[in-house]
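In: 3D model of this:
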Amino acid sequence: MYKTILCAIEASQEGRFVLSKAVDLSKQHESNLIVLNVLPYSFLPKDYQRELKEDAIPKFEEITSSFGIAKKNRALKVGKPYEVICKEAVKRNVDLIVLGTHSKKGISSLIGSTANSIVNYAHCDVTLVRI
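Out: As a prediction, the model looks like this:
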C-alpha cells in the first residue's frame, strides 16, 4: 500500500524507538524508507547552530546505520521541522510520514506541535508513534 515512507526522527533514544516502528511498517509494505532529522532553525549565532549540527550528525548516523538505512535514504536538514518534513515528503513522493509525538496537555496543546502541524499540512497519510 505504501511505496515510500518518510520517518522523521530526533537523534535520541526516542528517535530510535520511532525508527524501529517505521522499519517494521516499511517491511510490512515492502516500502522504500527515508529517514530525516530536522534541526530547528534558531536565531542563535551561526557557530552555535553549526555545533548543534556537528553534534547531531554522528548520533543520527549511528541510529540510522544500526537499522541498516542506506546513506542515500538519510537526510539531516535545518529549518522549521514541520515545513521541512512536509516539503521533503512532497519532493520524494512519500505516501506515509511516520514521526513521534509526546502527549500534550494544557497550553502546549493550544499552541500546537510539530506533529499537529504535519498532520494538518501533509499531502499524505501520517502515523504518529507515542513516545
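In: Neighbours of the residue nearest to Asn93 when sequence neighbours are not counted, how many?
Out: Beyond its immediate neighbours in the sequence, the residue positioned closest to Asn93 (Cβ to Cβ, 6 or more residues apart in numbering) is Thr4, lying 6.0 Å away. Yep, even glycine has a C-beta here, placed from its N, CA and C like the rest. Thr4 has 18 neighbouring residues, counting by other Cβ atoms under 10 Å.
In: got it, and Pro40?
Out: Going by other Cβ under 10 Å, the residues that sit close to Pro40 add up to 12.
In: Pull the residues that contact the helix or strand where Leu128 lies.
Out: Mapping Leu128 onto the secondary structure by DSSP states H and E places it in strand 125-130. Counting by Cβ atoms under 8 Å, 6 or more residues apart in numbering, strand 125-130 makes contact with 2, 17-18, 21, 25, 95-103, 115, 118-119, all of which sit outside it.
In: Export only the CA atoms of the helix ranked longest in the chain, formatted as PDB.
Out: In the chain, with assignment by DSSP state H, the single longest helix is helix 46-66. Provided in PDB are the C-alpha atoms of helix 46-66 (Å, rounded to 0.1, in the frame of the first residue of the first chain):
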ATOM      1  CA  LYS A  46      25.700  30.500  13.400                       C
ATOM      2  CA  ASP A  47      28.700  29.000  15.300                       C
ATOM      3  CA  TYR A  48      26.300  27.500  17.800                       C
ATOM      4  CA  GLN A  49      24.000  26.200  15.100                       C
ATOM      5  CA  ARG A  50      27.000  24.600  13.300                       C
ATOM      6  CA  GLU A  51      28.000  23.000  16.600                       C
ATOM      7  CA  LEU A  52      24.500  21.600  17.100                       C
ATOM      8  CA  LYS A  53      24.600  20.100  13.600                       C
ATOM      9  CA  GLU A  54      28.100  18.700  14.100                       C
ATOM     10  CA  ASP A  55      26.900  17.100  17.400                       C
ATOM     11  CA  ALA A  56      23.700  15.600  15.700                       C
ATOM     12  CA  ILE A  57      25.400  14.100  12.700                       C
ATOM     13  CA  PRO A  58      27.300  11.200  14.400                       C
ATOM     14  CA  LYS A  59      24.200  10.400  16.600                       C
ATOM     15  CA  PHE A  60      21.900  10.400  13.600                       C
ATOM     16  CA  GLU A  61      24.400   8.300  11.500                       C
ATOM     17  CA  GLU A  62      24.700   5.800  14.400                       C
ATOM     18  CA  ILE A  63      21.000   5.400  14.800                       C
ATOM     19  CA  THR A  64      20.300   5.000  11.000                       C
ATOM     20  CA  SER A  65      23.300   2.700  10.500                       C
ATOM     21  CA  SER A  66      22.100   0.400  13.300                       C
END
